[in-house]
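>>> Sequence and computational prediction follow.
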Amino acid sequence: MSTVLTSLIIGFLSLDTTVAFQVLVSQPIFSCPLLGWLLGDLAAGFEMGLLMQLLWLGIIPAGARKYPEGNLASMVACVLVIQSGGENFPNLVFLLALLVALLVSYLGATLTVLDRRLNGLFFELARRAAEHGQLKLILALDVFSVALYLGLMSLLALASLLFGGWAIEQALALMPGFLEAKLALLKPAVLGIGTGFMARHFYLSWKRK
Amino acid sequence: MVNSPVQTRPRIRKIDLFRVFLRSFFIQSLWNFRGLISVGFGVCLFPVLKRLYPDRTDQKERVEFLRRHFKFFNAHPYMASYALGVTIRLEEEAAAGHPEACQKLERLKDLLITILGALGDQLFWATIKPASLLVGTLGLLWFQDTAPRLAILAITFLLYNVPHFYIRYLGIVDGYQKGLEVYQSFNSASFARLQRFYLVIGVGALVVLTVSLALQFSGQGWLPLATYLAAVGVAIGFERISGNFYLAILFSVIFFVFVGFLFL
């Protein structure tokens, strides 16, 4: 599948985070296997879904707060890992994909804020259209705002896949072989970090209850 | 559908409520910092507007209708269905010749912003979502074959979306039937029971997941196990101290890569 089409699918799945549906299909344990299946490596999709899910699980995408775009980031990381070899992927590939994912989650959060600011313009246009009872125009603005988010997230995914793919290729060519063994603690560490975040999340929820 | 006074306007039908339900999946599509979800909320009500004011001669009423709903409004996207239901009921009353219903509606919507936001955030974002996804994560860890993994994902999807879809639809119907008495729904014990149920599932799944991962890593030697357990502690401590998500992950990853260089 072409990188452009993959980016569009990632952008489409990202809509589920806040913009539309919100039925969880953008969450890593769903989106990564789906991308894995589409790219021909379901096993790697499951593995990446498991590794990435816990990291972002405690994030609440509510109200006006700026939150890391973990779902988009996990999808990008999953595709990078699959494109770099897939199942039983090396620790080095996972480390680089994780670093790209952190960057993408930050940039995604910034882009979401930008999208919401642009939506402010559509809001004013919609209010003007409302003054004239133009329902079709309001609906068109609504659909366009969804398309804008889809476009922004797809572009970010495309840029990340191109940059990340290039960076991983360079790193694999340049890094000495012994490094792979030194990174063996990465996966236990990532799962431990995710477990820690969730433990704190449920401790606070339980205390509030 | 309700015992409202004699009216000359068409009345709301069940199909209208269903159309509002379908549109509610896009209620946050035009989220912005000025009106928050107000445009999405208004767009959800288009089937109601078209039912109550079907003719072009109703232009004045249509504009008034839109003005009422394109002001500032916010709520949790699922719980907003209660506000949609009450709005449909009061708009129907207003169309039937009770203009005071509009004033009541505006006051009620202001009150609902805080209630629906807090209730939905606690119930769905803070409890049902993490609990359901933890069950899915645990399933992916336990099963290695594709078929059981797909089955566990299907269960996870239902575990989350059954209450999600139910509350989205129930909110519209309940709000429409109860009208201004909708606040009774928020005081019911069913929300508290539902939250407690998922909290128990979430905590249980987290404990089992932690033990399963610890057992899995212990099979690989003491260092992976120690790393996993230490990472749990580092993440809790770092997030508590700094509260910065990115720093907590970056610090932990760098730290354990360094440990790997020292001991491996």
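Arrived safely, thanks for sending.
>>> rest of the way, CA atoms for contacts and neighbours
Fine.
>>> Only the buried residues of stretch A:115-132, if you could.
For stretch A:115-132, a neighbour-count test (16 or more other CA atoms under 10 Å in any protein chain shown) marks A:115-120, A:122-123, A:126-127, A:129-131 as buried.
>>> Out of those residues, the closest to residue B:124 would be?
Taking CA to CA as the measure, residue B:124 sits nearest to residue A:116 out of the buried residues of stretch A:115-132, at 22.7 Å.
>>> what's the closest non-adjacent residue to the closest one?
Counting by CA to CA, 6 or more residues apart in numbering or on different chains, residue A:116 lies nearest to residue B:32, which is 4.7 Å off, once chain neighbours are set aside.
>>> hmm, back to that, could you tell me which of the buried residues of stretch A:115-132 belong to helices?
Judged by DSSP state H, helices contain the following of these: A:115-120, A:122-123, A:126-127, A:129-131.
>>> Strands of chain A, residue ranges please.
Here chain A has no strands by DSSP state E.
>>> how about low-confidence regions in it?
A:86-87, A:209 (pLDDT under 70).
>>> Spatially central residue for it, please.
With distances taken as CA atoms, centre = their mean, residue A:72 lies nearest the centre of chain A, 1.1 Å away.
>>> Dihedrals phi and psi, residue B:36?
Main-chain torsions, residue B:36, degrees, to the nearest 10: phi 50, psi -120.
>>> repeat for residue A:134
phi -90, psi 90.
>>> Quick one: neighbours of it, just the number.
Burial measure for residue A:134: 17 neighbouring residues, criterion other CA atoms under 10 Å in any protein chain shown.
>>> I'd like to know how far it sits from chain B.
Remark: distance between residue A:134 and chain B (CA to the nearest CA, to the nearest Å) = 9 Å.
>>> residues in contact with residue A:10?
By CA atoms under 8 Å, 6 or more residues apart in numbering or on different chains, the residues touching residue A:10 are A:72, A:75-76, A:153-154, A:157.
>>> check contacts around residue 21.
No chain was given, so I picked chain A. Shown in contact with residue A:21 (CA under 8 Å, 6+ apart): A:15, B:25-26.
>>> should've been chain B
Residues near residue B:21 by CA under 8 Å, 6+ apart: B:44, B:81, B:168-169, B:172.
>>> Quick check: the residue in chain A that chain B sits nearest to vs residue B:220, distance?
Using CA to the nearest CA, the closest approach of chain A to chain B is made by residue A:196 at 4.1 Å. Distance from residue A:196 to residue B:220, counting by CA to CA, to the nearest Å: 21 Å.
>>> what does the stretch 151-264 of chain B put close to chain A?
Within reach of chain A by CA under 8 Å from any CA of the partner chain, the stretch 151-264 of chain B has these residues: B:153, B:157, B:160-161, B:199, B:202-203, B:206, B:210, B:217, B:223-225, B:227-236, B:239, B:246, B:249, B:252-253, B:256-257, B:260-261, B:264.
>>> Just the buried residues from those, in PyMOL please.
Here is the PyMOL command that selects the buried residues among these (16+ other CA under 10 Å):
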select buried, chain B and resi 153+157+160+161+199+202+203+206+210+217+223+224+225+227+228+229+230+231+232+233+234+235+236+239+249+252+253+256+257+260
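>>> ok, which stretches of chain A are helices?
A:3-18, A:28-38, A:42-56, A:70-83, A:91-131, A:135-174, A:179-182, A:186-208.
>>> Tell me which of these is the most buried.
Greatest average neighbour count among these goes to helix A:70-83 (a mean of 28), per mean count of other CA atoms under 10 Å in any protein chain shown.
>>> what is the orientation angle of that helix with helix A:28-38?
Per axes from the mean of the first three to the mean of the last three CA atoms, to 10 degrees, the angle that helix A:70-83 makes with helix A:28-38 is 30 degrees.
>>> Can you tell me what sits against helix A:70-83?
For helix A:70-83, the surrounding residues in contact (CA under 8 Å, 6+ apart) are A:10-11, A:14, A:17, A:26-28, A:31-32, A:35-36, A:39, A:41, A:44-45, A:48-49, A:52-53, A:56, A:89, A:93-94, A:97-98, A:100-105, A:108, A:153, A:157, A:160-161, A:164-165.
>>> redo that, cut-off 6 Å
Helix A:70-83 has contacts (CA atoms under 6 Å, 6 or more residues apart in numbering or on different chains) with A:14, A:26-28, A:32, A:48, A:56, A:97, A:101, A:104-105.
>>> Strands of the stretch 51-200 of chain B, residue ranges please.
In order along the chain, the stretch 51-200 of chain B carries no strands (DSSP state E, counting those that start in this stretch).
>>> For it, which residue gets nearest to chain A?
Closest point on the stretch 51-200 of chain B to chain A, by CA to the nearest CA, is residue B:63, at 5.2 Å.
>>> Count the residues that sit near that residue.
Neighbourhood size, residue B:63 [other CA under 10 Å]: 18.
>>> just checking, it touches residue A:133?
Yes - with contact defined as CA atoms under 6 Å, residue B:63 reaches residue A:133; the gap is 5.2 Å.
>>> where does the closest residue to residue B:78 other than its chain neighbours sit relative to residue B:77, distance-wise?
Using CA to CA, 6+ apart and skipping the chain neighbours, the partner closest in space to residue B:78 is residue B:168 (5.3 Å). Using CA to CA, residue B:168 is found at 9 Å from residue B:77.
>>> Between the two, point out the one with more neighbours.
Taking neighbours as other CA under 10 Å, residue B:168 and residue B:77 compare with residue B:77 leading, 26 against 22.
>>> Now residue B:244, what are its backbone angles?
Main-chain dihedrals, residue B:244, degrees, to the nearest 10: phi -100, psi 120.
>>> just residue B:32 next, same as before
Phi and psi for residue B:32, reported as degrees, to the nearest 10, are phi -150, psi 170.
>>> Give me the neighbour count for it.
24.
>>> and it, what does it touch?
The contact partners of residue B:32, by CA under 6 Å, 6+ apart, come to A:116, A:119-120.
>>> If we use 7 Å, what do you get?
Under the criterion of CA atoms under 7 Å, 6 or more residues apart in numbering or on different chains, the contact list for residue B:32 reads A:116-117, A:119-120.
>>> Which pLDDT value goes with it?
On pLDDT, residue B:32 comes in at 96.
>>> Name the nearest residue to residue 153, sequence neighbours excluded.
No chain specified, so I'll use chain A. Using CA to CA, 6+ apart, the closest residue to residue A:153 is residue A:11 (4.9 Å).
>>> my question was about chain B
Of all residues not flanking residue B:153 in the chain, residue B:136 sits nearest, at 5.8 Å (CA to CA, 6+ apart).
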